[in-house]
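> Here you go, sequence then predicted model.
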Amino acid sequence: MKKDASVDNIYSLEGRVPLEKAIPFGLQHILAMFVANIAPIIIVAGACGLDSSQSAQLIQSAMIVAGIGTLIQLFPLWKIGSGLPIVMGISFTFVSVFCFIGPTYGYNAIIGAVLVGGIIEGILGLFAKYWTKLITPIVAASVVTAIGFSLLSVGAASFGGGSGSEGFGSAANWILGTITLLCCLLFNIFAKSYWKQLSVLFGLVVGYIVAVFMGVVDFSALKSASIVALPSILPFKPEFNMSAIIAVVLIFLVSATETIGDTSALATSGLDREASVKEVAGSLTCDGFISALSSLFGCLPITSFSQNVGLVAMTKVVNRFTIATGAVIMIIAGIFPGFGTLLATLPDAVLGGCTIMMFGTIVVSGLRMISNCGYTQRNVTIVALSMSMGIGFTQVPEIFEIFPQIVQNVFATNCVAVVFLVAVILNLVLPENMENNVKSAKV
């Protein structure tokens, strides 16, 4: 018998939620990632010398493709998609390599490399059951924890007003970030029932209103925004430069690692179980093929968004229909640029006030996964060494100066990539019976 729509279904993967109740939760997911979703485009477009109209076109395409990708993750097509409440967006992981490739080979070379890299990751996802055995629970736990730690600086930068922004760390940004954070906490403490799970949305709305009264919200971009616009197909003709392709494919492998971690963290924190091989494979396949589709619209790779994994971990809202309303909002934001432009006026400091707590939740999820694996000598060695090298080495990126530029692009500033590589190697070489070996040595 078909279940009636109920707001209680927000905590279940399946089931319908009344539309008027689902929309606020979907909007919360989009507001939590909107600024971070368009920031990579702005950075790469600036490095490649694209004009403002081209940048606006890419932002529009990113919204539409991210919305489509999220819907496919929620409701898989064939083997593409995980069926989990994963929200897709433009990945920061590729920014450093694109800022190198763009000025060197041109933006068209980026598009060609994304097309090839996306197809390769999609194919790897289809055959994931043959190689994900390397990603044991302790490796996945290490990666999830690393993702959480890597995002803490992102949250802090947003809290301060956005890295490199004018007035970074100013009193105004501190006030906005603190007010938003306090509103999130107080709403979560005093709200009743399912309303508690809208604490992030409440904080964002209050923070935004305060920002408007403080005069720090810039509405100037709304004047030039068109009412309706459709994205262009192949606005940039792909160019296939082998050096660019090799560099980007390597980053796609790093991104795949993050996707595995995101999928594992989401299943653990939101559904209280481990992600299945089929779900991981579908998630990877969707990442790859949607990224290839994104390149046809002249846009950057679309991958799972760790910010939203943190939101799921904090709220426990996992309902696919509810998250789908957020995906539809993203598509609308792309078709109606004025709506997307309005969402983009959300100040970084307001976003930072919410994300600080969300990213910390990912760290806790990773630590919980490590605890579930058990604190054996072998597991402790894998986690301790991979985390210390991953986080430690990337805090002093100069340590990679002796390596080729391509290695620096992959590892120097990406602690997740280093943690993954070290954890996989240790998992392969360390003996399973380390405890017995230690006891024998003592005897």
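Perfect, thanks for sending it.
> Assumed residue 298 was part of a helix.
No: counting by DSSP: H, G, I helix; E, B strand; the rest coil, residue 298 is not found in a helix; it is coil.
> Low-confidence regions, the stretch 201-350 of the chain specifically.
340 (pLDDT under 70).
> could you show me where the strands are in it, in order?
302-304 (DSSP state E, counting those that start in this stretch).
> residues contacting residue 217?
208, 211, 345, 347 (Cβ atoms under 8 Å, 6 or more residues apart in numbering). All C-beta atoms are positioned from the backbone trio N, CA, C, and that covers glycine.
> What is the helix or strand harbouring residue 391 packed up against?
Residue 391 is part of helix 377-395 when elements are defined by DSSP states H and E. If contacts are counted by 3 or more Cβ pairs under 8 Å, 6 or more residues apart in numbering; DSSP states H and E, helix 377-395 sits against helix 137-159, helix 348-373, helix 415-429, helix 434-442.
> Kindly recompute the last result at 10 Å.
Packing contacts for helix 377-395, counted by 3 or more Cβ pairs under 10 Å, 6 or more residues apart in numbering; DSSP states H and E, involve helix 137-159, helix 348-373, helix 405-411, helix 415-429, helix 434-442.
> State the mean pLDDT of the third one.
Confidence over helix 405-411 (mean pLDDT, whole number) is 79.
> just how off-centre is it within its chain?
Relative to its parent chain, helix 405-411 has a centroid offset of 21 Å by Cα atoms, centre = their mean, to the nearest Å.
> Kindly report the same for the second one.
Counting by Cα atoms, centre = their mean, helix 348-373 is centred 13 Å from the centre of its parent chain.
> Ok, stretch 280-293 next?
14 Å.
> One more: stretch 394-410?
23 Å.
> With stretch 134-149 instead?
Centroid separation for stretch 134-149 versus its chain: 15 Å, with Cα atoms, centre = their mean.
> pLDDT of that stretch, averaged?
83.
> distance of residue 261 from residue 169?
Going from residue 261 to residue 169 by Cβ to Cβ, to the nearest Å gives 30 Å.
> Pull the residues that contact stretch 381-392.
With Cβ atoms under 10 Å, 6 or more residues apart in numbering as the test, stretch 381-392 has contacts from 136, 138-139, 141-143, 145-146, 149-150, 366-367, 370, 373, 375-376, 399, 411, 414-427, 430, 434.
> rerun that using 7 Å as the cut-off
138, 142, 145-146, 149, 370, 415, 418-419, 422-423, 426-427, 430 (Cβ atoms under 7 Å, 6 or more residues apart in numbering).
> in the helix holding residue 391, what counts as buried?
Buried residues in helix 377-395, defined by neighbour count with 16 or more other Cβ atoms under 10 Å: 378-379, 382-383, 385-387, 389-391, 393-394.
> Now do that helix against helix 415-429, angle only.
In terms of direction (axes from the mean of the first three to the mean of the last three Cα atoms, to 10 degrees), helix 377-395 departs from helix 415-429 by 150 degrees.
> still on that earlier bit, between all of the contacts of stretch 381-392, which two are separated the most?
Within the contacts of stretch 381-392, 149 and 430 form the most distant pair, 22.6 Å apart (Cβ to Cβ).
> which residues sit in contact with the nearest residue to residue 246 once chain neighbours are set aside?
Leaving out its chain neighbours, the residue that sits closest to residue 246 by Cβ to Cβ, 6 or more residues apart in numbering is residue 406, at 7.0 Å. Counting by Cβ under 7 Å, 6+ apart, residue 406 touches 246-247, 250.
> Please say which of residue 261 and residue 169 ends up with more neighbours.
residue 261 (31 against 14; other Cβ atoms under 10 Å).
> Next one: the more buried one from residue 122, what distance?
Per Cβ to Cβ, residue 261 is found 19 Å from residue 122.
> Quick check: closest non-adjacent residue to the most centrally placed residue in the chain.
In the chain, the residue lying closest to the centroid (Cα atoms, centre = their mean) is residue 305, at 2.1 Å. Nearest residue to residue 305, sequence neighbours excluded (Cβ to Cβ, 6+ apart): residue 89, at 4.2 Å.
> repeat for residue 12
residue 319 (6.0 Å).
> these two touch, right, the one you found and residue 10?
Yes: between residue 319 and residue 10 there is a contact under Cβ atoms under 7 Å: 4.8 Å.
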